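>>> for reference, the sequence and a predicted model appear below.
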Amino acid sequence: MKALLLEEKGQWKEMKAGQIEAPVPQKGEILIKVHASGLNPVDYKTAANGNPAWTYPHVPGLDAAGTVEGLGEGVSGIEIGDRVVYHGDMTKGGSFAEYDTTPAHMVSIIPEGVTFEDAAALPTAGYTAYEALFRKMPIHTFKTILIQGGAGGVGGFAIQLAKQAGLEVFTTASAENHDYVKSLGADHAIDYRSENVTEKVLELTGGRGVDAVLDTVSRQTATEALDYIAYRGQLAHIAGAPDTSTIKPFTKVISFHEIALGAIHKADYESQKDLAAMGDEMLQLLKDGKIQSLLAEKISLEEIPDALVRLSERHVKGKIVAVINK
């Protein structure tokens, strides 16, 4: 099969398409003909650092949508020809290839009316946002939330999901992306380049601060958020925990949540099944037109390295999806 090959760790910018053997589904796994694969910052970050479990050449890629082509031993509830989408295990070979395998209990069936490309845009970014809002934080108790990095993948899905939940949504984005994040549902867009985020949030909330923050940017911005989270607020972070030493104990009583979607592949069976449940729920929202897939660009397998460079430069708005098998 044709696949994008990482010859050694760190060489992700030089990846080329080549021929390797197609994977064979093991017990509990399914073989998928990959039609579309979504790109994420984690793809270049893991390719840069490598993983002790990898052998080379390694095939990167975590997010994929395609059709079921084969069933491993013991698989039930999935049939040949089913259209599925899934989030892959970063310790194994990935979805930047014509074929891939994944555990059957971790896939979601793509409903009619949802394309492979739109489905492939969801998993890493969409499920991360969903887990933060609906699995980690008591979102039903909130009125306000700030989402750091609203023009990115996780941020864009989080804005939509938070707005669907009835929250007043604040987000940070460069000035040129303000119209975009507001089109997703943000009520307030703050230009992090020219405005003091803490001062602006406190101004807009009458000094109270926001009930929750989802930080997708850095440890520094997560730490800064401690100054504008309201009493008994919540902070979920995906890019580094805040420095809580800046908060005096027994004052704001903030709760913290680490979000690391990839860890679910090493968790128990029921937790892994919940990944599919999150996918089912997001796919239904997508089918019903309640959220957008954020799909901004379709590329070929060979164009993935250049697209990952653009992702690393933080100049991408929305989601890039590679079309593998048309």
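Now that the structure is in, tell me what you want to look at.

>>> so what are the structural domains in this protein, by residue number?
2-124+267-323, 142-259 (the TED database).

>>> average pLDDT for the shortest one?
Looking at domain 142-259 alone, the average pLDDT works out to 97.

>>> so how far is that domain off the chain centroid?
17 Å (C-alpha atoms, centre = their mean, to the nearest Å).

>>> so Val217: helix, strand or coil?
Put simply, Val217 is coil when judged by DSSP: H, G, I helix; E, B strand; the rest coil.

>>> which SS state does Pro305 fall under?
On the basis of three-state DSSP, Pro305 is classed as helix.

>>> from Met15, how far out is it?
Using C-beta to C-beta, to the nearest Å, we find Pro305 at a distance of 5 Å from Met15. All C-beta atoms are positioned from the backbone trio N, CA, C, and that covers glycine.

>>> circling back to that earlier point, mean neighbour count added to the domains of the chain, as CSV?
Converted to CSV, the domains of the chain look like this (neighbours: other C-beta atoms under 10 Å):
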stretch, mean neighbour count
domain 2-124+267-323, 19
domain 142-259, 20
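
>>> of those domains, give the one that comes closest to Leu133.
Leu133 lies closest to domain 142-259 among the domains of the chain, at 5.4 Å (C-beta to C-beta).

>>> what's the end-to-end length of the closest one?
19 Å (C-alpha to C-alpha, to the nearest Å).

>>> what of stretch 193-200?
12 Å.

>>> list the contacts of that stretch.
172, 174-175, 190, 221, 224, 227-228 (C-beta atoms under 8 Å, 6 or more residues apart in numbering).

>>> you'd agree Val75 is up against Gln26?
No. If you go by C-beta atoms under 8 Å, Val75 and Gln26 don't touch, sitting 10.3 Å apart.

>>> can you show me the CA trace of stretch 79-98 as PDB?
Output of stretch 79-98 as PDB, limited to C-alpha atoms (Å, rounded to 0.1, in the frame of the first residue of the first chain):
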ATOM      1  CA  GLU A  79     -19.600  -5.200   9.200                       C
ATOM      2  CA  ILE A  80     -17.600  -5.100   6.000                       C
ATOM      3  CA  GLY A  81     -18.400  -1.900   4.200                       C
ATOM      4  CA  ASP A  82     -19.400   0.200   7.200                       C
ATOM      5  CA  ARG A  83     -18.300   3.800   7.100                       C
ATOM      6  CA  VAL A  84     -16.400   4.600  10.200                       C
ATOM      7  CA  VAL A  85     -14.300   7.300  11.800                       C
ATOM      8  CA  TYR A  86     -11.800   7.000  14.700                       C
ATOM      9  CA  HIS A  87      -8.900   8.400  16.700                       C
ATOM     10  CA  GLY A  88      -5.800   6.300  16.400                       C
ATOM     11  CA  ASP A  89      -3.200   5.200  18.900                       C
ATOM     12  CA  MET A  90      -0.100   7.300  18.600                       C
ATOM     13  CA  THR A  91       2.200   4.400  19.700                       C
ATOM     14  CA  LYS A  92       1.200   2.500  16.500                       C
ATOM     15  CA  GLY A  93       1.300   2.900  12.800                       C
ATOM     16  CA  GLY A  94      -1.200   5.600  11.600                       C
ATOM     17  CA  SER A  95      -3.600   6.800   9.100                       C
ATOM     18  CA  PHE A  96      -1.500   8.700   6.600                       C
ATOM     19  CA  ALA A  97      -1.800   5.500   4.400                       C
ATOM     20  CA  GLU A  98      -4.200   3.700   2.200                       C
END
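
>>> how about the strands in the stretch 101-250 of the chain?
Taking DSSP state E, counting those that start in this stretch, the strands of the stretch 101-250 of the chain run over residues 108-109, 144-147, 168-172, 188-190, 210-215, 229-237.

>>> which stretches of the protein form helices?
Ranges of helices in the chain, per DSSP state H, are 41-49, 116-120, 128-130, 153-164, 178-183, 197-204, 219-225, 269-287, 304-312.

>>> of these, which is nearest Gly66?
helix 116-120 (6.7 Å).

>>> so what does that closest one touch, helix or strand wise?
Judged by 3 or more C-beta pairs under 8 Å, 6 or more residues apart in numbering; DSSP states H and E, helix 116-120 is in contact with strand 29-38, strand 63-71, strand 83-87, helix 269-287, strand 295-300, strand 319-323.

>>> the third one pairs with which strands, parallel or anti?
Just to be clear, that refers to strand 83-87. Using DSSP bridges, the strands paired with strand 83-87 are strand 63-71 (antiparallel), strand 108-109 (antiparallel).

>>> in CSV, list those along with distance to Ala296 and mean pLDDT.
Formatted as CSV, the strands paired with strand 83-87 follow (distance: least, C-beta to C-beta, whole Å; pLDDT from 0 to 100):
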stretch, distance to Ala296, mean pLDDT
strand 63-71, 15, 98
strand 108-109, 22, 98
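
>>> same list (those strands) but as CSV, adding distance to Leu283.
Output for the strands paired with strand 83-87, formatted as CSV (distance: least, C-beta to C-beta, whole Å):
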stretch, distance to Leu283
strand 63-71, 10
strand 108-109, 6
